[in-house]
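> generate coordinates for the sequence data below:
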Amino acid sequence: MRVLLSTIGSRGEVQPMLALGLELERLGARARLCAPPDFRELIAGFGLEFVPVGPRVSQAGRGTPPTPEQRRAMIAGTVTDQFEAVGAAVADCAVLVGCGALQIAAHSIADAHGIPYIYVAYAANTLPSQHLPPPPLGPGVDATADNATQWKQDADRWNALWAGPLNARRAADGLPPVADVRDHIFTERPWLAADPTLGPWPEPGGGDVWQPGAWMLREPAPLDATLEDFLAAGEPPVNFGFGSMHMATETGRAALDAARALGRRSILLRGWSGLTVPEDAPDCLTIGDVDHQALFPRVAAVVHHGGAGTTTAVARAGVPQVVVPQRFDQFYWADRVSALGIGFAHAPGEVTAASLKTALTRVLTPETAARARELAPAIRTDGATRAAERIIALAR
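Numbers count the residues shown, from 1 in each chain. Model (predicted):
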């Protein structure tokens, strides 16, 4: 039995699907992962079958914003890319699992092949609920309105952007049009791959949303010798990293200065911004990709952008965190970290040495450290296993 896992986005969207794929294989199924070409090496390194979809995403968002005409062309191109890549990859699969809100074609493809489709979200505020507003995604939604109104406006925005190209392709494949694009993508019974302590689904009794827990890799990868030596050379450092966010070039300098102002060493993750420090700094180590589960338990605090996976990894490590949200679900995770008392929600956007120093001063306290340690054991580690078991049962 083979399962197709489809996702569009950054590593935060891809790595949970990788964890799910590995659990499916461990339980005797076969997993094929369809993702942007940026992640071919990562996925192949774990031995999973990889199918690329669309263009590389690591450079998305840079440069001049697209014109309306260019935006329409990009939307139509995304729909075409997904129908072609995912449509070809699904041929011998028993179930199709789509993660992330950009799964425009996956449900339609599953319908055309007569197989079950599962939609998976990574944060509670990305699924319609009367208890939470939708994530900010640009114009068209009045953030001052009540939650029900905002979700209605969000649905209208989805239809305005995607209904035309999606229904045109469905018609070409002999499928009827969909009236509500968002509800079609999300399905009537979506899954929420987020930890129920850190980011619970707010509806009483769960409703039609199943929450198995966050999907994390079973075994952390070892740290390299350079990083091990740096960690062993002094007190636990502060870790700074903003993942796929495009941060200002001054961010590395601000991180270094903030840590130094508090007498702390630092680790800077380059991320997609390619962050660096502007000098030879023996008290700061700049590195590329690293296994968060292996590194985070060994640092004093983590400053990050608030991606679902990073927030969960820090919480699981039991160390304080500062969340600097930039977009989408990151504002929700910043609020959750603050509400749980395990960290601080920095103001959205760019950072300065002064703002980072203030935030770190708030979290580098015995009280916050104790609360982070207390919460850590409550974070589930079996989310991917539970989901894989349910997928296999559905296929059978």
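
> rest of the way, CA atoms for contacts and neighbours
OK.

> next helix or strand past the longest helix along the chain?
In the chain, with assignment by DSSP state H, the single longest helix is helix 147-172. Later in the chain than helix 147-172, the nearest helix or strand by DSSP states H and E is helix 181-186.

> quick one: mean pLDDT for the helix or strand immediately after that next one in the chain?
As assigned by DSSP H and E, the chain's next helix or strand after helix 181-186 is strand 191-192. Strand 191-192 carries an average pLDDT of 97.

> after strand 191-192, next one along is what?
Sequence order places helix 225-232 as the next helix or strand after strand 191-192, per DSSP H and E.

> how about Ile267, secondary structure?
Secondary structure, DSSP: H, G, I helix; E, B strand; the rest coil: Ile267 is strand.

> list the contacts of it.
Contacts for Ile267 (CA atoms under 8 Å, 6 or more residues apart in numbering) come out as Pro237, Val238, Asn239, Phe240, Cys284, Leu285, Thr286, Ile287.

> secondary structure and distance to Ala354 added to those, as CSV?
Below are the contacts of Ile267 laid out as CSV (DSSP: H, G, I helix; E, B strand; the rest coil; distance: CA to CA, whole Å):
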residue, secondary structure, distance to Ala354
Pro237, coil, 18
Val238, strand, 15
Asn239, strand, 17
Phe240, strand, 15
Cys284, strand, 18
Leu285, strand, 21
Thr286, strand, 21
Ile287, strand, 23
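
> what's the closest of these to Ala221?
Taking CA to CA as the measure, Ala221 lies nearest Ile287 of those, at 15.1 Å.

> isn't that closest one up against Ser266?
No. Assessed by CA atoms under 8 Å, Ile287 is found out of contact with Ser266, at 11.0 Å.

> compare these two and say which is more crowded by neighbours.
Comparing Ile287 with Ser266 by other CA atoms under 10 Å, the one with more neighbours is Ser266, at 29 against 17.

> tell me what that one is bridged to.
Under DSSP bridges, the beta-bridge partners of Ser266 are Val238, Cys284.

> go on, Arg30?
Beta-bridge partners for Arg30, by DSSP bridges, are Arg2.

> that one: what's it in contact with?
Arg30 is in contact with Met1, Arg2, Val3, Gly21, Leu24, counting by CA under 8 Å, 6+ apart.

> the fourth one: what secondary structure?
Three-state secondary structure (criterion: three-state DSSP) places Gly21 in helix.

> got phi/psi on Val322?
Torsion angles at Val322 (phi, psi; degrees, to the nearest 10) stand at phi -110, psi 120.

> what's the burial count for it?
Neighbourhood size, Val322 [other CA under 10 Å]: 27.

> what do you get for Val290?
16.
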